[in-house]
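**Q** Predicted coordinates and the sequence they were generated for:
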Amino acid sequence: MADEIHISDNPSELRYELQVAGKLAGIIRYRRRPDALTLIHTGIDPSYEGQGLGTRLIAGALADIRRRELHAVPICPFVRAYLERHPEDRDLIVADDETPD
């Protein structure tokens, strides 16, 4: 299945998409900031749950954010949990200026 997975940014929809064999299987919705993407919600189609695709989607999105020299604001609980388990990506995190303390 690994060679059938494709992760890409869809800026017109403000989301990262994970496709499996050409079918949309998961998304990460985001808001754009000048220097960062606020990662709001991660969703995996129920028929693809339990296969580790959410983790792969987040890893792919963060790799793209790093490649573009941006930062991430992790609002989504699933993204936050991923970052707890992957300290190597925590350097991408910046605070959300729009959320009150």
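**A** That came in fine, so what should we check first?
**Q** Next secondary structure after the helix ranked longest in the chain?
**A** Longest helix in the chain by number of residues (criterion: DSSP state H): helix 53-67. Beyond helix 53-67 on the C-terminal side, the first helix or strand identified by DSSP states H and E is strand 71-74.
**Q** Would you mind identifying the next helix or strand past that next one?
**A** Moving toward the C-terminus from strand 71-74, the next helix or strand (DSSP H and E) is helix 77-85.
**Q** My read is that A61 contacts Y16, right?
**A** Yes. Assessed by C-beta atoms under 8 Å, A61 is found in contact with Y16 at 4.3 Å. Just so you know, the C-beta spots here come from the backbone N, C-alpha and C atoms, and that holds for glycine as well.
**Q** Report the set of residues contacting both of those two.
**A** Taking C-beta atoms under 8 Å, 6 or more residues apart in numbering as the contact criterion, the residues that touch both A61 and Y16 are I7, D9, I28.
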